[in-house]
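**Student:** Provided below for reference: sequence and predicted model.
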Amino acid sequence: MALAIFGTLLYHGIVDYKLVAIGLVLGAVIGVPLGNVAMTAVPQRTALSHAFGALCVTLVGTAEFYLRAPDIPPFMMAVLSLEVILGSLTFTGSLMAAAKLQELRWPPQRPVTYKGQNFVNLTFLSLAIIVAAILVLHPEQTRLFPALIFIPLIFGVMLIIPIGGADMPTVISLLNSYAGLSAAMMGFVLNSKLLIIAGALDGSSGFILSVIMSKAMNRSFTNVLFGGFGQIQAAATGQEEAKPVKSATAEEAASILSAASRVAIVPGYGMAVAQAQHKVRELYDALTKRGIDVRFGIHPVAGRMPGHMNVLLAEADIPYDKLMEMDVINGDFPQTDVALVIGANDVTNPAARTVQSSPIYGMPILDVDKARTVMVIKRGMGAGFAGIENPLYYLDGTLMLFGDAKNFVGAIVRELSGGAG
Ligand code: NAP
């Protein structure tokens, strides 16, 4: 970014450095607080960045159109149209995604679906493409240009409204890809090879990440975009409510852990909220000191962004080779004495395997229920991101350890070191 900014400042075409300076100051005033959000808010912050990038692309495209029209060759007009369409829909789509992830009152987090939704959406997209085609053939029809912005703006809202629940991360990375593609188009319009390369990189990596995430959640792309995923949450909840759960104290948990020879720790969003990773490191040290084999099971969508758990555990200096991907560690759970779930919920929910009406049905999970004993640290019986009940908590082999993740792990560590001493 610094190279791009300095390169631009050296460009001879700049007429007024005052405007550039105002832009830099404004950007810094908005950017610095944006960069300082809590780690758990990074997904919605990333969505906001996409929105700003896409808005910028749309504005530049619009300016270029009015500067050049009507002398715009067909290829250039086609690229410019694509730039503006992708930019506008990514702008509103990303704002919607950020609002959903921030759990604002509107739009609702759950998917909003209605009959004929895909038809309506495709109609908006087709309309935008028709307007683009007319402008390619008749760039002098400048009155049509605003439609090229406003139709995709509405389409962006309609595109995200039916998506919710666990599909949001995939959508964020897809929007990232759109923002990158629109920037690449802008590179063609401005004849900037740097922009074309950076945009294409962003576009393709965002797309590949979306595909990887869809695979990790066992969902097809079309299902993510058109499936109205998660709308049946009410039907999936409420079945297990009255059942009792078994709970245990830190002292009991410590004695179960110290009797184990193989322990798998499964961290989730709650560990991030509680910032418990350093205490988890202490627990790891205390257990390995006793000769216990401790490994970490990492679900690809644990937490609120790709790699969330890896980053937190690396911050606490937990050896990277102890972090096992889901496919690897799942084969080990039947030989594991204790699966210790720390603030994870959806990624361990066995309903994903069996309950067809569940919004997370089909998502591969960490098979913690196959371990001999499961211990779950969480504050209460609160639901996870998908908002559904977790049958894991009512199984015979499950013990609930109620408390804040940082405090509870700390208490177990104290018990363990007290016992060792
Ligand atoms: P989760 O299903 O959201 O569950 C987190 C659990 O942590 C909650 O049930 C909560 O229960 C507990 N918790 C919250 N604060 C806590 C604290 N201070 N101490 C202890 N426990 C605490 O988390 P997950 O299992 O990691 O699953 C991630 C979910 O987020 C998936 O549904 C995924 O699709 C979605 N998602 C992922 C990404 C991504 O890219 N990774 C992005 C967006 C969404 P209590 O309230 O009872 O404590």
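**Tutor:** Structure received. Residues are numbered from 1 along each chain as shown.
**Student:** who's in contact with stretch 408-417?
**Tutor:** With CB atoms under 8 Å, 6 or more residues apart in numbering as the contact definition, stretch 408-417 has outside contacts at 250-251, 253-255, 257-258, 276, 279-280, 282-283, 286-287, 290, 342, 377, 401-403. Heads up, the C-betas are built off the backbone N, CA and C, glycines and all.
**Student:** give me the subset of the residues you listed that also touch the ligand.
**Tutor:** Among those, the residues lying close to the ligand (CB under 6 Å from any ligand atom) are I377.
**Student:** what about the contacts of stretch 408-417, which are in strands?
**Tutor:** Secondary structure defined by DSSP state E assigns I342, I377, L401, F402 of the contacts of stretch 408-417 to strands.
**Student:** most neighbours of all these, which one?
**Tutor:** Among the ones in strands among the contacts of stretch 408-417, I377 has the most neighbours (other CB atoms under 10 Å), with 29 neighbours.
**Student:** that one reaches L340, doesn't it?
**Tutor:** Yes - with contact defined as CB atoms under 8 Å, I377 counts as touching L340 (7.3 Å).
**Student:** work out for me the element H50 sits within.
**Tutor:** With the criterion set as DSSP states H and E, the secondary-structure element containing H50 is helix 42-68.
**Student:** in that helix, which residues are buried?
**Tutor:** Buried residues in helix 42-68, counting neighbours by 16 or more other CB atoms under 10 Å, are found at 42-58, 60-62, 64-65.
**Student:** for that helix, packing partners?
**Tutor:** Using 3 or more CB pairs under 8 Å, 6 or more residues apart in numbering; DSSP states H and E as the contact definition, the elements that helix 42-68 packs against are helix 17-35, helix 74-101, helix 145-160, helix 168-190.
**Student:** and that helix with the ligand, contact?
**Tutor:** Yes - Helix 42-68 lies in contact with the ligand when judged by CB under 6 Å from any ligand atom; the contacting residues are P43.
**Student:** any idea which element the nearest residue to P74 once chain neighbours are set aside lies in?
**Tutor:** Excluding its sequence neighbours, the residue lying closest to P74 (CB to CB, 6 or more residues apart in numbering) is V136, at 5.1 Å. In the assignment (DSSP H and E), V136 maps to helix 117-137.
**Student:** ok, residues contacting that helix?
**Tutor:** The set of residues that contact helix 117-137 without belonging to it, under CB under 8 Å, 6+ apart, is 74, 77-78, 81-82, 85, 141, 144-145, 147-148, 151-152, 154-155, 158-159, 162, 226, 228.
**Student:** could you check the angle helix 42-68 makes with it?
**Tutor:** Compare the direction of helix 117-137 with that of helix 42-68 by axes from the mean of the first three to the mean of the last three CA atoms, to 10 degrees and you get 30 degrees.
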